[in-house]
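Undergrad: what's the 3D shape of this:
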Amino acid sequence: MHTKKNIAIIMGGFSSEYEISLKSGNVVYETLDTSKYNGYRIHIFKDKWVYVDANNAEFPVNKSDFSVRVANRVITFDCVFNAIHGSPGEDGLMQGYFELLNIPHTSCGMYQAALTDNKRNCLSVLKPYGIKAAESFYLNLGDAINETDIINKVGLPCFVKANRAGSSFGITKVYKKEDLQNAIDVAFKEDDEIIIEAFLDGTEVSVGVITYKGETKVLPITEIISENDFFDYEAKYLGKSQEITPARLSKEQEDKVNILAKKVYEVLKMKGFSRTEFIFKEGEPYLLEMNTVPGLTKESILPQQAAAADISLEDLFDNAIKEALKQTT
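TA: Below you'll find the model as predicted:
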């Protein structure tokens with residue numbers, strides 16, 4: 001009998017999404033097969049890194065080797081399950097830290113996380129590979145703002161987004177020129193870089209791509225229909241959207257977006273989970289963004305897609321750990 005592996009499930013984080021991350025992390029904790037794994041909930045916040053036991057007692061994490069002392073026993077980890085949405089779990093910081101410590105983790109590499117977390121840079125890297133994106137305009141904090149230039153380039157309505165904020169924080173859909181400045185101010189509260197994109201009117205889909213049993217696997221596609229004006233935070237997490245898996249696409253659309261999602265994953269040398277959003281415009285899929293630590297709660301899109309592919313949550317998480325451990329042996 002193999003000894004059980006110690007798995008640190010990291011959750012929390014520094015962004016507005018920490019509550020969702022705690023939910024995702026707890027789902028992983030509750031789902032892991034206890035005959036194979038000892039799961040440890042590790043909360044990562046700016047002011048503390050702690051192991052939280054079954055009674056909610058907290059034990060500090062030793063950052064020099066990512067170990068925890070409980071009573072007189074030092075616990076070290078065979079693998080880290082990353083459930084942190086946003087910084088530091090989705091922007092490369094935790095990946096770099098675990099790579100330096102040589103501890104396997106379930107997410108992509110440091111560079112991939114940093115790149116995909118930055119919408120502007122990610123779109124630029126993928127452009128030479130023929131991956132289409134909406135027309136866009138970039139602003140950094142302090143830049144002169146010429147509203148006419150912006151609207152001439154992206155048109156109205158348009159989306160104003162923080163460049164590096166996940167979960168639809170700091171996004172506004174703008175219909176009128178006079179509302180542009182306010183939307184820019186909202187986005188700058190989340191990030192000092194913003195991206196203003198043309199509105200693409202079409203079917204929005206979310207495509208999960210994972211490494212499953214050693215192969216790149218595209219999961220059944222989810223169609224997103226927001227009851228709000230667009231797929232914002234409320235739509236994502238407060239039930240204000242309909243998510244239809246599998247999406248109602250023509251065979252041709254489905255094939256196109258599947259090939260594209262797999263291509264994006266492989267071009268970027270991704271590992272672990274990913275969820276990429278596309279919008280169809282005149283039958284062609286346009287890339288919006290990629291998430292490398294997608295939500296893992298019962299309501300989240302990736303688990304719904306896995307279920308549609310007959311992959312249980314337990315199997316999904318077990319596979320993620322096995323793939324991570326494989327990379328180091």
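Undergrad: what's the domain layout of the protein?
TA: 5-106, 114-132+201-326, 136-198 (automatic domain parsing).
Undergrad: now the helices: where do they sit in the stretch 101-250 of the chain?
TA: According to DSSP state H, counting those that start in this stretch, the stretch 101-250 of the chain carries its helices in the segments 110-117, 119-126, 147-154, 180-190, 233-237.
Undergrad: I'd say Phe81 and Asn319 touch.
TA: No. Between Phe81 and Asn319 there is no contact under Cβ atoms under 8 Å: 11.6 Å. Just so you know, the C-beta spots here come from the backbone N, C-alpha and C atoms, and that holds for glycine as well.
Undergrad: what about the two, which has more around it?
TA: Per other Cβ atoms under 10 Å, whichever of Phe81 and Asn319 has more neighbours is Phe81, with 28 against 20.
Undergrad: need the nearest residue in space to the residue nearest in space to the middle of the chain, chain neighbours excluded.
TA: Nearest residue to the geometric centre of the chain (Cα atoms, centre = their mean): Asn291, 2.8 Å. Of all residues not flanking Asn291 in the chain, Arg275 sits nearest, at 4.7 Å (Cβ to Cβ, 6 or more residues apart in numbering).
Undergrad: which ones are touching the one you found?
TA: Neighbour list for Arg275: Ser206, Val207, Gly208, Val209, Met290, Asn291, Pro294, Ile301, Leu302 [criterion: Cβ atoms under 8 Å, 6 or more residues apart in numbering].
Undergrad: inside strands: which ones of these?
TA: Judged by DSSP state E, strands contain the following of these: Ser206, Val207, Gly208, Val209, Met290, Asn291.
Undergrad: closest to His85 among the residues you listed?
TA: Nearest to His85 out of the ones in strands among the contacts of Arg275 is Asn291 (Cβ to Cβ; 7.7 Å).
Undergrad: what does the model give that closest one for pLDDT?
TA: At Asn291, the model reports a pLDDT of 93.
Undergrad: tell me which of the helices of the stretch 101-250 of the chain sits most buried.
TA: Highest mean neighbour count of the helices of the stretch 101-250 of the chain: helix 110-117, a mean of 21 (counted as mean count of other Cβ atoms under 10 Å).
Undergrad: output stretch 289-297 as PDB - backbone C-alpha positions only.
TA: Only the C-alpha atoms of stretch 289-297 are listed here, as PDB (Å, rounded to 0.1, in the frame of the first residue of the first chain):
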ATOM      1  CA  GLU A 289      -9.400  35.900 -22.200                       C
ATOM      2  CA  MET A 290      -8.000  32.800 -20.600                       C
ATOM      3  CA  ASN A 291      -8.300  31.800 -16.900                       C
ATOM      4  CA  THR A 292      -5.700  29.400 -15.500                       C
ATOM      5  CA  VAL A 293      -7.300  28.800 -12.100                       C
ATOM      6  CA  PRO A 294     -11.000  28.700 -13.000                       C
ATOM      7  CA  GLY A 295     -13.700  28.400 -10.300                       C
ATOM      8  CA  LEU A 296     -14.100  24.900  -8.900                       C
ATOM      9  CA  THR A 297     -17.300  25.300  -6.900                       C
END
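Undergrad: what about it, distance to the chain center?
TA: Stretch 289-297 has its C-alpha centroid displaced from the chain centroid by 3 Å (Cα atoms, centre = their mean, to the nearest Å).
Undergrad: with stretch 3-11 instead?
TA: Relative to the centre of its chain, stretch 3-11 is centred 21 Å away, using Cα atoms, centre = their mean.
Undergrad: what does stretch 111-119 give?
TA: So, by Cα atoms, centre = their mean, the centroid of stretch 111-119 is 10 Å from its chain's centroid.
Undergrad: which outside residues touch it?
TA: Identification of contacts with stretch 111-119 by Cβ under 8 Å, 6+ apart yields 87, 90-92, 95, 107-108, 121-122, 125, 161, 163-164, 166, 193, 195, 268-271, 274, 289-292.
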